[in-house]
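J.: Dropping the sequence and predicted coords here.
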Amino acid sequence: MNSDPKPVRFSHEEAQAKLGHRVCSLLTLDGIAKGTFGRVMQIDEIEKNGFELIIEWDTRIEGKLQHDWFNKEQFERCLVDEVS
């Protein structure tokens, strides 16, 4: 039996509102250094009205742009909106 709590995801409205936002990583994430900037490039509907944000990082690894998916809890724990 899987006792893991269900991930908290963004509603469609919340995800749409984040599209295009610049973000900064608060932690080192899968080879992306703490302090790296990126942009919310897409949203992905994982379940009915449950969306994750796709971040495209400004840094490249082995010459390739990197993308990561974030649910709402991960976004709030690992990223911060860039202050302009």
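T.: Perfect, I can see it now. Treat the numbers as computed from the prediction; the structure is a model and nothing was measured.

J.: Help me confirm that His67 comes into contact with Met41.
T.: Yes - counting by Cβ atoms under 8 Å, His67 does reach Met41; the two are 7.4 Å apart. In short, each C-beta sits where N, CA and C put it, glycine included.

J.: Give me the common contacts of those two.
T.: Ile54, Ile55, Glu56 (Cβ atoms under 8 Å, 6 or more residues apart in numbering).

J.: Any quick PyMOL command for the buried ones out of the residues you listed?
T.: Command for PyMOL that selects the buried part of the shared contacts of His67 and Met41, burial taken from 16 or more other Cβ atoms under 10 Å:
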select buried, resi 54+55
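
J.: Between the shared contacts of His67 and Met41, which sits nearest Thr28?
T.: Ile55 (14.3 Å; Cβ to Cβ).

J.: who does the residue most central in space within the chain bridge with?
T.: Central residue of the chain (Cα atoms, centre = their mean): Phe70, 3.5 Å from the mean position. In this entry, Phe70 is beta-bridged to Leu53, by DSSP bridges.

J.: quick one: it and Leu53 touch, right?
T.: Yes - assessed by Cβ under 8 Å, Phe70 is found in contact with Leu53 at 5.0 Å.

J.: those strands in the protein, which residues are they?
T.: In the chain, the strands defined using DSSP state E lie at 22-25, 37-47, 50-61, 64-70, 79-81.

J.: and those strands as CSV, adding distance to Pro7?
T.: Output for the strands of the chain, formatted as CSV (distance: least, Cβ to Cβ, whole Å):
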stretch, distance to Pro7
strand 22-25, 19
strand 37-47, 8
strand 50-61, 8
strand 64-70, 10
strand 79-81, 15
